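Colleague: 3D, please:
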Amino acid sequence: MNTTFRTCMAFALMAVAVGAFAQAQQPPKVEGGWVRSSVPGQQGTGAFMRLTATEPLQLVGAATPVAGVAELHEMRMEGDVMRMRAVDKLDLPAGRTVELKPGGYHLMLMDLKQPLPQGSSVPLTLLFRNAKGVDSKLELKLPVAIRPPGRGGGAQPKARAMDRQSMDAHKY
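Modeller: Here you go, the predicted structure:
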């Protein structure tokens, strides 16, 4: 190979690498994450947290091995009645914190496979989609508690972001 060809190939490979890096999503910041504890026989519970995205994203799904179903839900007043319903997605505007909390948007963990005692932890995977339709996921380990951890302290969830290629290798 001649030097010009090698140089052109090197620049082409760098351009591809830079393009792939530019398309990688920055995962949202997760604060105050927790899962409400459950007792034997209880079939469902909620997961709560604050999410702050650096780019516009949508929360489009969740999964956990401790429940048969994990869905994004919304609670709101309709007349004099509080109603809960599943929603397909939740917009996360860039730079604005969106809170998943009791009585509002939250993750519903249903068909629990075992009780979730206070002091344990729950692995939880969040699925996001950006404006270009690229999916990514964020793996968390949330503490189980009776009430939310204090805003100033408490354990923060451990998180690891994954892009589409990693998602294909780690199907949930």
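
Colleague: tell me the centre residue of the protein?
Modeller: Nearest to the mean C-alpha position of the chain, counting by C-alpha atoms, centre = their mean, stands residue 126 at 2.6 Å.

Colleague: mind checking how far that one is from residue 64?
Modeller: For residue 126, the distance to residue 64 equals 10 Å [C-beta to C-beta, to the nearest Å]. C-betas here are computed from N, CA, C, even on glycine.

Colleague: residue 94: neighbour count?
Modeller: Neighbour count of residue 94, defined by other C-beta atoms under 10 Å: 13.

Colleague: ok, residue 92 - contacts?
Modeller: Counting by C-beta atoms under 8 Å, 6 or more residues apart in numbering, residue 92 touches 28, 51, 52, 53, 56, 57, 58, 59, 98, 128.

Colleague: for the chain, which spans come out with low pLDDT?
Modeller: Low-confidence segments of the chain (pLDDT under 70): 1-25, 151-172.

Colleague: strands of that one, residue ranges please.
Modeller: 29-36, 44-52, 57-63, 67-78, 81-86, 90-92, 97-100, 106-112, 121-130, 135-145, 158-162 (DSSP state E).

Colleague: just checking, what packs against the fourth one?
Modeller: Right, the one you point to is strand 67-78. Packing contacts for strand 67-78, counted by 3 or more C-beta pairs under 8 Å, 6 or more residues apart in numbering; DSSP states H and E, involve strand 44-52, strand 57-63, strand 81-86, strand 106-112.

Colleague: residue 83 is in contact with residue 75, correct?
Modeller: Yes: using C-beta atoms under 8 Å, residue 75 is in contact with residue 83, at 7.0 Å.

Colleague: so for those two, which residue has more residues nearby?
Modeller: Counted by other C-beta under 10 Å, residue 75 and residue 83 do not tie: residue 75 has more neighbours, with 16 against 10.

Colleague: state the distance from the more buried one to residue 86.
Modeller: Distance check for residue 75 against residue 86: by C-beta to C-beta, it reads 11 Å.

Colleague: ok, now residue 131?
Modeller: 23 Å.

Colleague: quick check: bridge partners of the residue nearest to the centre of the chain?
Modeller: residue 62, residue 138 (DSSP bridges).
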